[in-house]
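Visitor: 3D model of this:
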Amino acid sequence: MAIDLNVYELLVIGDSDLLIHQVQGEWAVKNLKIIRYVQYVKNLCKRSRKIEFRHTPRIQNELADALATIASMIKHPDTDYIDPLDIELKEHRVHCSHVESEQDGLPWYFDIKRYLESGTYPEDATSNQKKSIRCMALNFFLNGKVLYMRTPDLSLLRCVGAAEAVRLIEQIHAGVCGTHMNGLTFTRKIL
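Guide: Numbers count the residues shown, from 1 in each chain. Now for the predicted structure:
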């Protein structure tokens with residue numbers, strides 16, 4: 001695309017340190033699947049007056065990851081032109097530690113937990129609601145009084161209500177669980 005737009009000076013930023021060093025010729029390419037791709041990129045580089053490759057750690061590349069995700073979801077009818085995106089970057093990050101309280105005073109997982117404990121449904125549940133509870137219960141595991149949700153990798157996440165969620169978020173922000181960290185690591189720490 002840069003060649004088609006007559007761009008002759010280019011800065012390429014990537015999150016794969018290995019690929020950047022391989023394209024620059026500093027490291028050997030051992031993976032047979034990418035040898036042809038690296039050679040193709042090197043040939044394209046010969047068409048530029050100046051090209052620089054820079055490594056950016058993946059954790060600092062959140063915007064590029066978001067754009068790549070958006071690009072993979074868009075089906076544009078005209079492959080020659082894609083509408084540009086206007087992106088505003090805010091100067092300060094905003095953190096939200098608000099958890100909505102349960103309307104009836106029961107935790108969000110109450111019906112699932114009761115179904116796993118005793119096989120009973122809410123009194124006014126319709127057949128569709130009962131079916132939903134049964135389907136959702138397949139992804140949960142009850143150990144004594146503690147309810148866990150299974151993730152796709154079969155890890156177990158402990159289910160908490162609104163009050164405990166607020167307490168946990170406050171403790172994590174206060175540094176009780178360790179030092180403050182970036183968003184992705186922070187989320188993994190919570191989970």
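
Visitor: tell me the confidence at A28?
Guide: Listed pLDDT for A28 reads 90.

Visitor: that one contacts I34, correct?
Guide: No. Contact criterion Cβ atoms under 8 Å: A28 and I34 do not qualify, at 11.7 Å. C-beta coordinates here come from the backbone N, C-alpha and C atoms, glycine included.

Visitor: between the two, which one's more packed in?
Guide: I34 (15 against 8; other Cβ atoms under 10 Å).

Visitor: need the contact list for the more buried one.
Guide: L19, Q22 (Cβ atoms under 8 Å, 6 or more residues apart in numbering).

Visitor: can you report phi and psi for it?
Guide: The phi/psi pair for I34 (degrees, to the nearest 10) reads phi -110, psi 0.

Visitor: how near is it to I172?
Guide: Separation of I34 from I172 (Cβ to Cβ, to the nearest Å): 40 Å.

Visitor: now do the domain split for the protein, please.
Guide: 1-80, 110-190 (automatic domain parsing).

Visitor: measure stretch 11-18 end to end?
Guide: By Cα to Cα, to the nearest Å, the extent of stretch 11-18 from end to end equals 17 Å.

Visitor: my bad, should have said stretch 43-52
Guide: 14 Å.

Visitor: now do it: everything it contacts.
Guide: By Cβ under 8 Å, 6+ apart, stretch 43-52 touches A2, I3, V7, Y8, E9, L10, L11, V12, V23.

Visitor: what is the burial count for Q24?
Guide: Residues within reach of Q24, counting by other Cβ under 10 Å, total 13.

Visitor: turn the domains of the chain into a markdown table, including distance to D104.
Guide: A markdown table is the format used below for the domains of the chain (distance: least, Cβ to Cβ, whole Å):
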| stretch | distance to D104 |
| --- | --- |
| domain 1-80 | 37 |
| domain 110-190 | 8 |
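
Visitor: who's in contact with stretch 8-27?
Guide: 2, 28-29, 34, 38, 41-42, 45, 48-58, 61, 64.
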